[in-house]
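Colleague: fold the stuff below for me.
(chains A and B)
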2 protein chains.
Amino acid sequence: MNVANETPSLPPPDLEALRACFSGRLITDARDLEAFTVDWRRRYVGRTLACAQPDSVDGVAAIVRWCAEHRVAVVPQGGNTGLSGGATPDESGRSIVLSLARLARVRHVDTINNSITVEAGVTLAQVHEAANAANRLFPLSLPSEGTCTIGGNLSTNAGGAAVLRYGNARELCLGLEVVTAGGRVWNGLRGLRKDNTGYDLRDLFIGSEGTLGVITAATLKLYPKPVAQVTAMAAVENPHAALRLLELAQARLGPTLTAFELISNLCIELVQQHFPEHRRPFAGPSPYYVLLETSDSESEAHANAQFEALMEQAIEAGIVLDAVVATSGAQSRALWALRELVSEAQALTGKNIKHDISVPISSIGDFVEQTNAELQRRFPGIRMVVFGHLGDGNLHYNVSPPVDRSGPEHEDEFLAMQPGINRVTHDAVVAFNGSISAEHGLGQLRRDESARYKSDVEMALMRQVKQALDPLGIMNPGKVLPPA
Amino acid sequence: MNVANETPSLPPPDLEALRACFSGRLITDARDLEAFTVDWRRRYVGRTLACAQPDSVDGVAAIVRWCAEHRVAVVPQGGNTGLSGGATPDESGRSIVLSLARLARVRHVDTINNSITVEAGVTLAQVHEAANAANRLFPLSLPSEGTCTIGGNLSTNAGGAAVLRYGNARELCLGLEVVTAGGRVWNGLRGLRKDNTGYDLRDLFIGSEGTLGVITAATLKLYPKPVAQVTAMAAVENPHAALRLLELAQARLGPTLTAFELISNLCIELVQQHFPEHRRPFAGPSPYYVLLETSDSESEAHANAQFEALMEQAIEAGIVLDAVVATSGAQSRALWALRELVSEAQALTGKNIKHDISVPISSIGDFVEQTNAELQRRFPGIRMVVFGHLGDGNLHYNVSPPVDRSGPEHEDEFLAMQPGINRVTHDAVVAFNGSISAEHGLGQLRRDESARYKSDVEMALMRQVKQALDPLGIMNPGKVLPPA
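Modeller: Numbering: from 1, shown residues only, chains lettered A, B, ... in the order given. All right, here's what the predicted structure looks like:
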């Protein structure tokens, strides 16, 4: 698959010829290239011949054709905010980073069809703005939304906190424009809710992390804006109780329930330690908390009444220990901040080990209980920083070192545990029929680990698809699939 | 692609060897085979060596391996209710109909994960029953649900009236079990809401009409059962007004709006003529009607109040001429019957020409206006029987002959118009960036017509996928893709 590894002796290609074949920018200065060859988390450092920033989809196609001709790898890149190294070139140096940054037009908004067509380099925040200006909602929401681009969101099938109601990036996409590995433009920009005319090429490109082609534009779903969004927080004894609350909330609130997030007490402790202005809204601690959000088409009063009735029933049934319903936007934001600051608070405590896993929702309680116990047995004292999108069965099941071994001087010791901690965690995930990469994609980070767990049949099917759509192996080699 | 056409001189395979390689039934008697070689609408009559009905997924795999070895085509078949001839063998006779009828187990219901795992031969009605027994909803609903199977629903990505809220069969599926064209079993039965570990093989098999592999089981989404479902009907002047009502209803009702169907007056006239006990619920006729349904998590009273307020506003705004809200289950069923009897009423009037098209929802008004006018110009007096899922942009844009040319003696004359009527209609659909097969699939019926409209790039991508996953071309040849 890896062009560079197969062809070490190819002569360096003529970048001036590349520069001449498209309209836009070609960055070749080594210092300027650094921004494109290191990933967001600074875990991967690659090398590249140049970064091409074409102005148009025809430019993208010309660049891909040039790369195919010269057997140069194409590494598509959006906002470079990925968490798995999927947009970082490898170390061979025989690649072009293809930045979609200048394909940044909102092409069309259709309020009756509830759709918007944007180019790949439009940031997620810009999609929100365009939707908002048309009095519509685009529900995908991520911490990096000011920087990440819609092309990257679709290439990695981004998730987030609103998946419970609206689905992943995949479910929010109606159509794509793609430059194939052969450098042809496929116009699949349909704004249709129903279209059964052949194979689902759209979903094949979504989530393929640039290894099958380059997404250059997309038609996305919009939704009517809710009249009111209200947030509540409930204290619960354990994830099992959180699941009982989920079932009750879904029965009572139906599709107006738009977020259901789990936060362990240690997460809240870390937030309070590093951001003292943020406090849990309860008198004392509880082992776990659930953050709920409802998006109401009627009124704030209606949303509040719905939440109050839900919490009353949940407390009476012994599911919930205590609960608060936000009565203002400021209170809502304060509750959300407790959830959103967890990653940053954990980072401020030092090195940590991250997992992005999912299991069937019904297995969350058993998974956490059993995996916590097994990890404590094998790595006594490590601290479990467990939080995430419980309503989707998706947890950021993170690990920090024991309190007495958490200084910088213990970092190496902790990182040496990483392979073992990953193995215990991912073995448990797979035993529960779960996924070791729920919303961040495989990139380089989880590529080999994923291949280890997948069946031969599934790996063979994936390789057949890759070979069929990218026979030269030039599209983002070394990502998703291990080199053949 | 078509094995039989490429290899006319192969000796007939030994069916006793096939019989020995799986547990289940092998039907070879010519009379018994008729049920499997003619499609539901009796438009296609094929030939087959035998119909194999294996008892297990391993049996399916063994049959496919046998077929691969002997270069015999595999034609998967569920309830044989498809409308495009996708499950009917061709006339070559060198095929096995692979009936999934005996893979009919409900394997697992998970009420917390809101999922159900069923084998391919389970009928849609049986999925409803199993969901219902667990106090859950499986929202896919089709007129043929007593006979059609979930394997067929997924292979054709079935639609229906609830797509507005819940999506197509595709969006209701979490995971698949598939026998590949090589006769291996891929276990992709994940019950996960988030899983970003590679290419989306699931969605590649869904909607591929058995041309890439055989779906043998699926894990499907369930939903909490709504507390109340209420139906309303509104009389409107034209499809433009219906669209204004759609926008208002979506803003006011949000995701509780679960159906939004358009019915032209002629449809109602035909129903009243053939089923006189069913009458429009208004004093006089109106050019168009909209059927709306809401699924409420609170109460019937709440749903009614929401509908009343919506209709009041719509009448005041001049969008709606008149409206009724059903106040009982019987009234709801009576309103739905007016919609559901349209196909049968049209069939009772004699031959008709059917289309299953979609356009962006915002274009429905212009599409109907312009295409009606063009068809009248070219074929004066033909009657437009227009109805369908307006909320999805999907119309069954059907045509009946002029009143004075509608007897059986004029049938040939009318059917001679069919190519011209199809061409005008489909050219208009494509001009509006729509789909000529919204929810019925391509099968044999729309295969060449679809290829005519698709770009070379898209056809090439589809052929690459087909070649990669079915290199021998044995999987349901002649469906979806024209022979190479």
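Colleague: C-alpha only now, for contacts and for neighbours.
Modeller: Noted.
Colleague: give the contact list for the residue nearest to residue A:382 when sequence neighbours are not counted.
Modeller: Nearest non-adjacent residue to residue A:382, counting by CA to CA, 6 or more residues apart in numbering or on different chains: residue A:402, 4.3 Å away. Taking CA atoms under 8 Å, 6 or more residues apart in numbering or on different chains, we find residue A:402 in contact with A:380-383.
Colleague: mind putting those residues into TSV with secondary structure and pLDDT?
Modeller: Shown next, in TSV, are the contacts of residue A:402 (DSSP: H, G, I helix; E, B strand; the rest coil; pLDDT from 0 to 100):
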residue	secondary structure	pLDDT
A:380	coil	97
A:381	coil	96
A:382	coil	96
A:383	strand	96
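Colleague: just the buried ones from the residues you listed?
Modeller: Neighbour counting by 16 or more other CA atoms under 10 Å in any protein chain shown classes A:382-383 among the contacts of residue A:402 as buried.
Colleague: the contacts of residue A:402 into JSON lines, with extra columns for distance to residue B:249?
Modeller: Formatted as JSON lines, the contacts of residue A:402 follow (distance: CA to CA, whole Å):
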{"residue": "A:380", "distance to residue B:249": "57"}
{"residue": "A:381", "distance to residue B:249": "55"}
{"residue": "A:382", "distance to residue B:249": "52"}
{"residue": "A:383", "distance to residue B:249": "49"}
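Colleague: which of the contacts of residue A:402 sits closest to residue B:345?
Modeller: residue A:383 (67.9 Å; CA to CA).
Colleague: test my guess that that closest one contacts residue A:401.
Modeller: Yes - between residue A:383 and residue A:401 there is a contact at 6.0 Å, judged by CA atoms under 8 Å.
Colleague: can you show me the strands along the stretch 51-200 of chain A?
Modeller: Residue ranges of the strands in the stretch 51-200 of chain A, as given by DSSP state E, counting those that start in this stretch, are A:73-77, A:95-99, A:106-110, A:115-119, A:136-137, A:173-180, A:185-188.
Colleague: is any part of the fifth one close to chain B?
Modeller: No - judged by CA under 8 Å from any CA of the partner chain, strand A:136-137 stays clear of chain B, getting no closer than 9.8 Å.
Colleague: can you check the longest one too?
Modeller: No - Strand A:173-180 is not in contact with chain B by CA under 8 Å from any CA; minimum separation 8.8 Å.
Colleague: distance check, residue A:433 against residue A:364.
Modeller: In this structure, residue A:433 and residue A:364 are 11 Å apart, going by CA to CA, to the nearest Å.
Colleague: more neighbours: which of these two?
Modeller: Each of residue A:433 and residue A:364 had its neighbours counted (other CA atoms under 10 Å in any protein chain shown), and the higher figure belongs to residue A:364 (23 against 17).
Colleague: wouldn't the more buried one be in contact with residue A:393 here?
Modeller: Yes - counting by CA under 8 Å, a contact exists between residue A:364 and residue A:393, whose distance comes to 6.6 Å.
Colleague: residue A:189 and chain B, how far apart?
Modeller: 9 Å (CA to the nearest CA, to the nearest Å).
Colleague: list phi and psi for that residue.
Modeller: Backbone torsions for residue A:189, taken as degrees, to the nearest 10, come to phi -80, psi 60.
Colleague: how far does stretch A:228-239 sit from the chain's center?
Modeller: On the basis of CA atoms, centre = their mean, to the nearest Å, stretch A:228-239 sits 23 Å off its chain's mean C-alpha point.
Colleague: could you do stretch A:452-461 as well?
Modeller: Here the centre of mass of C-alpha atoms in stretch A:452-461, compared against the chain's by CA atoms, centre = their mean, lies 23 Å away.
Colleague: export it to CSV, keeping only CA atoms.
Modeller: Once non-C-alpha atoms are left out, stretch A:452-461 reads as follows in CSV (Å, rounded to 0.1, in the frame of the first residue of the first chain):
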residue,chain,number,x,y,z
ARG,A,452,-5.6,-7.1,15.5
TYR,A,453,-9.2,-7.4,16.6
LYS,A,454,-11.0,-7.6,13.3
SER,A,455,-11.8,-10.9,11.5
ASP,A,456,-9.8,-12.0,8.5
VAL,A,457,-13.0,-11.7,6.5
GLU,A,458,-13.5,-8.1,7.4
MET,A,459,-9.9,-7.1,6.8
ALA,A,460,-10.1,-8.9,3.4
LEU,A,461,-13.2,-7.0,2.4
